[in-house]
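Chemist: Sequence and predicted model, in that order:
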Amino acid sequence: MPVVCIRPAIHIRKISSLFAIGLLLLTGIAQAAPITVTDIAGRQVTLPQPAKRVMLADARALLALNILHPQEPLKNIIAWDSSLKVKAPDLLAAYEKKFPQISKIPTFSNPYVNDFSVENAVVMKPDLIVFDIGLMAKLKTSGVLANLEKIGIPILFIDFRQQPLTNTVASMRLLGQVFDEQPNADAFIQFYQQRLNLVRQRVATLKPEQRPSVFIERSAGMKGERCCNTFGKGSFGQFIDAAGGNNIGSSLFPEMGGEINVEQMIVSNPDFYLMTGADWGRGHKGTQAVPLGYATDVATAQKKLTPLMNRTGLNVLTAVKEKRVMAIYHQFYDTPFNFIAVEAIAKFLHPDLFKDIDPQADIEMAHQKFTALDYSGVFWITAQ
C-alpha cells in the first residue's frame with residue numbers, strides 16, 4: 001500500500017497563511033490613516049499620504065525643505081515662484097553649484113505680485129501647495145483659496161516671515177509631518193530652540209534702561225538713496241526685541257512695518273542703526289544696497305556700507321557718527337535660520353553679555369549640519 005505523506009499539505013497551508021498575513025499587512029499600509037495637521041492659519045489640512053508633488057508659493061522655503069531632506073533639497077518640488085531668482089539670487093546660485101537641475105524646476109509669478117493661477121495648479125497636479133501666511137487675505141479675497149479647496153488640492157500655510165520667532169518651530173513641525181520627515185524636523189527644532197533660548201535667558205536679565213533704541217532700515221539702498229522703510233512689531237522687529245533692543249518701528253507700525261521720513265529719523269536719534277541688505281543688483285538697476293549673502297566678501301560689503309551711512313540726514317545721527325551701525329542679510333526674515341540674525345544682533349547690541357556667543361560659528365555649523373550647501377559669503381558686517 002502506498003505511503004501517504006501529509007507534510008507538503010501542511011507546508012502549503014503555512015505558505016497560504018503567511019501569504020494572507022502579508023496581504024493584510026500590505027492592505028493595512030495602503031489604508032494607513034491620512035495625515036491631518038492644523039496649519040499656521042488654524043486650518044485643518046488632510047493629506048492621504050506624505051506629500052510627493054509640492055508647489056512652493058515662496059521658493060525661499062527651499063532652505064526649510066533642505067533641512068527635511070539634508071542630501072536632496074529639491075526632493076518632491078514640482079514648481080515654485082520666482083522669489084529665489086528675483087529676491088535671493090545668491091541663494092539660488094549657491095544651490096545651483098551643487099544641484100544644476102534646479103534650473104529645470106518650473107517657475108511661476110510671485111503670488112504677492114500677481115494672482116496665483118489655479119489653472120496652472122490643475123495642470124501641475126500637486127498633492128500639496130505651501131503658502132506664506134501673509135498671502136491668506138489675498139487668496140481669500142481673490143477666490144483662489146476657495147477654488148483650490150473646491151478642486152481638492154491640500155493647502156498648507158506656514159510662516160517664517162510675518163511672526164518668525166513665533167511660528168518657525170510650528171512651521172518646521174508642520175513640514176516635517178506632511179513630508180513624513182519628523183526626525184529631521186525635530187533635530188533642527190531642538191537646535192533652534194536651544195540657541196534662541198540661550199539669548200532669551202540672557203536678555204531677560206537686562207533692566208529696561210539697558211535695552212537700547214534701535215532703528216532698522218528695511219532694504220537699505222535697494223532703490224538708491226531713498227530712506228526710510230522699517231519693520232514694525234513683526235519680522236526683524238521681533239529679532240531686535242529678542243536680541244535685547246527696543247525697535248523704534250514697533251511703536252509706529254504693526255506687523256511688517258512702513259515708511260518714515262528722514263526728519264522723523266533724526267528726531268528719534270536711535271542708539272543703534274541697522275540696515276538690511278542683499279544681492280539685489282540683478283533685479284534692481286542702480287541699487288546701492290549692501291550685497292550680503294552667499295556670493296559676497298567683506299571688502300565688497302564694507303565698500304557699499306560707507307555711502308549708505310553718509311546719506312544726507314543719516315550722517316548727523318549719533319549712532320552713525322560713532323559707527324554703531326550694522327548691515328545684516330535681508331533674507332533672514334524668511335528662513336528658519338532666523339535665529340542666527342537674533343544672535344548676531346544680540347552680540348552687536350550687548351557685546352559683553354554675549355561675548356562667548358559666536359553667531360559666525362553657528363551659521364557655519366547650521367549649514368554643515370542641516371543643509372547640502374557649502375557655506376560661503378558674508379551675512380552681516382558692522383561699520384569700521
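Modeler: Cool, the structure landed.

Chemist: ranges for the strands of the stretch 251-384 of the chain?
Modeler: 258-259, 272-277, 325-329, 380-382 (DSSP state E, counting those that start in this stretch).

Chemist: how about those in TSV, adding distance to residue 339?
Modeler: Using the backbone N, CA and C atoms, a C-beta is placed for each residue, glycine as well. TSV is the format used below for these (distance: least, CB to CB, whole Å):
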stretch	distance to residue 339
strand 258-259	26
strand 272-277	16
strand 325-329	13
strand 380-382	14
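
Chemist: so which of these comes closest to residue 245?
Modeler: When the strands of the stretch 251-384 of the chain are compared by CB to CB, strand 272-277 sits nearest residue 245, at 6.7 Å.

Chemist: Could you export the strands of the stretch 251-384 of the chain to JSON lines, including columns for distance to residue 138 and mean pLDDT?
Modeler: Compiled in JSON lines, those are given as follows (distance: least, CB to CB, whole Å; pLDDT from 0 to 100):
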{"stretch": "strand 258-259", "distance to residue 138": "18", "mean pLDDT": "92"}
{"stretch": "strand 272-277", "distance to residue 138": "24", "mean pLDDT": "97"}
{"stretch": "strand 325-329", "distance to residue 138": "26", "mean pLDDT": "98"}
{"stretch": "strand 380-382", "distance to residue 138": "32", "mean pLDDT": "98"}
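
Chemist: Select, out of these, the one closest to residue 215.
Modeler: strand 272-277 (5.6 Å).

Chemist: Can you give me the domain boundaries for the chain?
Modeler: 35-187, 207-382 (automatic domain parsing).

Chemist: quick one, which of the ones you listed is nearest to residue 195?
Modeler: Closest to residue 195 of the domains of the chain is domain 207-382 (CB to CB; 5.1 Å).

Chemist: quick revisit: nearest to residue 172 among the strands of the stretch 251-384 of the chain would be which one?
Modeler: Taking these one by one with CB to CB, strand 325-329 is closest: 19.7 Å.

Chemist: what's that closest one in contact with?
Modeler: 220, 272-278, 290, 292-293, 301, 305, 308-309, 319, 341, 344-345, 348, 379-383 (CB atoms under 8 Å, 6 or more residues apart in numbering).

Chemist: let's see 6 Å
Modeler: With contacts defined as CB atoms under 6 Å, 6 or more residues apart in numbering, strand 325-329 is touched by 273-277, 290, 292-293, 305, 309, 348, 379-383.

Chemist: who does that strand pair up with?
Modeler: strand 272-277 (parallel), strand 380-382 (antiparallel) (DSSP bridges).

Chemist: right, so the ones you listed: which one is the most enclosed?
Modeler: With neighbours defined as mean count of other CB atoms under 10 Å, those peak in mean count at strand 272-277, which reaches a mean of 26.

Chemist: Return the distance of it from the chain's centre.
Modeler: 19 Å (CA atoms, centre = their mean, to the nearest Å).

Chemist: Who are the contact partners of the nearest residue to residue 268 once chain neighbours are set aside?
Modeler: Leaving aside its chain neighbours, residue 268 sits nearest to residue 248 (5.3 Å; criterion: CB to CB, 6 or more residues apart in numbering). By CB under 6 Å, 6+ apart, the contact list for residue 248 reads 213, 215, 268, 270.

Chemist: out of those residues, which one sits closest to residue 54?
Modeler: Proximity of the contacts of residue 248 to residue 54 (CB to CB) peaks at residue 215, which lies at 38.4 Å.

Chemist: Can you point out the buried residues in stretch 358-365?
Modeler: Using 16 or more other CB atoms under 10 Å as the test for burial, stretch 358-365 gives 359, 362-363.

Chemist: how far out from the middle of the chain is it?
Modeler: Distance of stretch 358-365 from its chain centroid, counting by CA atoms, centre = their mean, is 17 Å.

Chemist: same check, this time on stretch 343-358
Modeler: Distance, centroid of stretch 343-358 to centroid of chain: 23 Å (CA atoms, centre = their mean).

Chemist: Please work out which residues outside it touch it.
Modeler: 199, 202, 212, 239, 243-245, 326, 359, 380.

Chemist: Kindly report the same for stretch 251-270.
Modeler: Against stretch 251-270 from outside (CB under 6 Å, 6+ apart): 213-215, 227-235, 248-249, 313, 319.

Chemist: Filter those residues down to just the ones in strands.
Modeler: With strands defined by DSSP state E, the entries of those inside them are 213-215, 229-230.

Chemist: re earlier: let me have the strands paired with strand 325-329 in a markdown table, extended by distance to residue 151.
Modeler: Below are the strands paired with strand 325-329 laid out as a markdown table (distance: least, CB to CB, whole Å):
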| stretch | distance to residue 151 |
| --- | --- |
| strand 272-277 | 38 |
| strand 380-382 | 44 |
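
Chemist: Quick one, which of these gets closest to residue 36.
Modeler: The nearest among these, by CB to CB, is strand 272-277 at 37.4 Å.

Chemist: re earlier: quick one: least confident of the contacts of residue 248?
Modeler: For the contacts of residue 248, the weakest pLDDT value sits at residue 268, with 91.

Chemist: gap between it and residue 200?
Modeler: According to CB to CB, to the nearest Å, residue 268 and residue 200 sit 26 Å apart.

Chemist: again, but for residue 316
Modeler: Taking CB to CB, one finds residue 316 at 35 Å from residue 200.

Chemist: Then residue 137?
Modeler: In terms of CB to CB, residue 137 sits 30 Å off from residue 200.
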